[in-house]
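J.: Generate a structure from the sequence data that follows.
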Amino acid sequence: MLVAAAVCPCPPLLVPDVAAGAAPELDAARTACLDALGVLAASRPDRLFVVGPAEQSGRGPHPEGTRGSFRGFGVDLDVRLGPGDAGPAAADRELPPPLAVAAWLLERIGWSEAPVEGLGVGERLAAERCGEVGRGLGGRAQRVALLVMGDASACRTLKAPGYLDERATDFDEEIGRALGAADGAALKALDAELAYELKVSGRAPWQVLAGAAEGADLAGSLLYEDAPYGVGYVVAAWS
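T.: Residues are numbered from 1 along each chain as shown. Just a heads-up that it's a prediction; the model follows:
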C-alpha cells in the first residue's frame with residue numbers, strides 16, 4: 001500500500017551544474033524537493049518507485065543502479081538510481097532525463113531507506129492505464145513510496161518553451177490544488193488532450209500516483225508552486 005509520495009518537477013536545470021550561473025533561481029524549488037524526499041524517508045517504505053515521463057526509448061522499468069547522465073546538457077555529470085548495482089540488467093539502459101533528475105535528488109539525501117526502481121511512462125498514456133499501473137505499484141510491497149517527477153504547463157509566458165497559452169494558468173492552478181490536497185479524483189480527471197496541448201509532462205505520472213493512492217487515505221501538502229522560465233513547477237508531499 002502507498003504510505004507516502006513526493007511530487008517534484010523534472011527540469012535538468014534543477015541540477016546546479018546544469019543551471020550554472022542561473023542555479024540560484026531554483027534554490028527554493030530544490031529545497032522543497034529535498035523536503036519532500038524527507039517525507040519519503042520518514043515513512044520507512046519497503047520499496048520506492050520513481051515514476052517520470054519518458055520518450056519511447058526510456059519507457060518501462062529501470063532497475064536500481066541504472067545510470068543516467070547530463071552530458072546531453074553539456075555537463076560531465078553521471079548519476080545512478082539508488083545505491084544498488086543493477087548489473088547486466090541495466091547495461092544497455094540509460095535513465096531518461098526526468099529519472100536522472102530524480103536520481104540526482106536521491107543522491108543529495110543519501111537515500112538508503114529502501115530498494116529503488118524507476119518507471120518511465122509515455123506522455124500520451126491513457127488515464128485508465130495510468131491508474132492500472134499505479135494500482136500495480138501500490139500492491140508491490142506492504143509499504144510503498146513514490147517519487148513522482150513531472151512539470152506542469154510550459155505555456156505560462158511569451159518566452160515559455162510553448163509560448164503563451166491563456167488556458168495554462170487555470171490548468172496549473174488546478175494541478176497545484178489537486179497535488180497539494182492529495183486529491184486523486186481530481187488528478188484522474190485531468191484533461192489529457194489539454195495537458196498535451198499545454199506541454200504538461202507530469203499528467204501521466206500524476207495519474208499513476210492517483211491510482212497508487214486509491215484507498216490509502218493520505219493527506220497532502222503543497223511545498224512549492226511557481227513558473228520560472230514560463231514552466232509550471234509544483235512540489236508536494238503526501239503522507
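J.: where do the strands sit along this protein?
T.: Per DSSP state E, the chain carries strands over the ranges 2-8, 47-53, 60-62, 67-69, 78-80, 116-121, 144-149, 220-226, 233-238.
J.: Find the residue ranges of this protein scoring beneath the pLDDT cut-off.
T.: 86-91 (pLDDT under 70).
J.: just how off-centre is the longest helix along the chain within its chain?
T.: If you go by DSSP state H, the chain has its longest helix at helix 27-42. Here the centre of helix 27-42 is set off from its chain's centre by 12 Å, with CA atoms, centre = their mean, to the nearest Å.
J.: who does it touch, helix- and strand-wise?
T.: Under the contact criterion of 3 or more CB pairs under 8 Å, 6 or more residues apart in numbering; DSSP states H and E, helix 27-42 touches strand 2-8, helix 97-109, strand 144-149, strand 220-226, strand 233-238. Bear in mind the C-beta positions are built from the backbone N, C-alpha and C, glycine included.
J.: hang on, the earlier thing: mind putting the strands of the chain in CSV, mean neighbour count included?
T.: Shown next, in CSV, are the strands of the chain (neighbours: other CB atoms under 10 Å):
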stretch, mean neighbour count
strand 2-8, 28
strand 47-53, 27
strand 60-62, 18
strand 67-69, 19
strand 78-80, 19
strand 116-121, 24
strand 144-149, 28
strand 220-226, 19
strand 233-238, 28
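J.: For those, give me CSV that also has distance to A186.
T.: Formatted as CSV, the strands of the chain follow (distance: least, CB to CB, whole Å):
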stretch, distance to A186
strand 2-8, 13
strand 47-53, 18
strand 60-62, 28
strand 67-69, 31
strand 78-80, 32
strand 116-121, 19
strand 144-149, 15
strand 220-226, 11
strand 233-238, 13
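J.: and of those, who's closest to E173?
T.: strand 220-226 (8.7 Å; CB to CB).
J.: Give me the contacts around that closest one.
T.: If you take CB atoms under 8 Å, 6 or more residues apart in numbering as the criterion, strand 220-226 is touched by 28-29, 32-33, 35-36, 176, 179-183, 232-238.
J.: one more time with 6 Å, if that's ok
T.: 29, 32, 35-36, 176, 180-182, 233-238 (CB atoms under 6 Å, 6 or more residues apart in numbering).
J.: in its sheet, what does it sit against?
T.: Here strand 220-226 is paired, per DSSP bridges, with strand 233-238 (antiparallel).
J.: rewinding a little: would you convert the helices and strands packed on helix 27-42 into TSV that also reports distance to Q207?
T.: Output for the helices and strands packed on helix 27-42, formatted as TSV (distance: least, CB to CB, whole Å):
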stretch	distance to Q207
strand 2-8	12
helix 97-109	15
strand 144-149	10
strand 220-226	15
strand 233-238	14
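J.: F70: neighbour count?
T.: Neighbour count for F70, taken as other CB atoms under 10 Å: 19.
J.: Please name the nearest non-neighbouring residue to V200.
T.: Once flanking residues are discounted, V200 sits nearest to S153: 5.2 Å by CB to CB, 6 or more residues apart in numbering.
J.: ok, the one you found touching E197?
T.: No. At 9.1 Å, S153 does not count as touching E197 under the criterion of CB atoms under 6 Å.
J.: returning to what we had before: so which of the helices and strands packed on helix 27-42 is nearest V51?
T.: strand 144-149 (5.1 Å).
J.: From the contact counts, what lies against the closest one?
T.: strand 2-8, strand 47-53, helix 97-109, helix 203-212 (3 or more CB pairs under 6 Å, 6 or more residues apart in numbering; DSSP states H and E).
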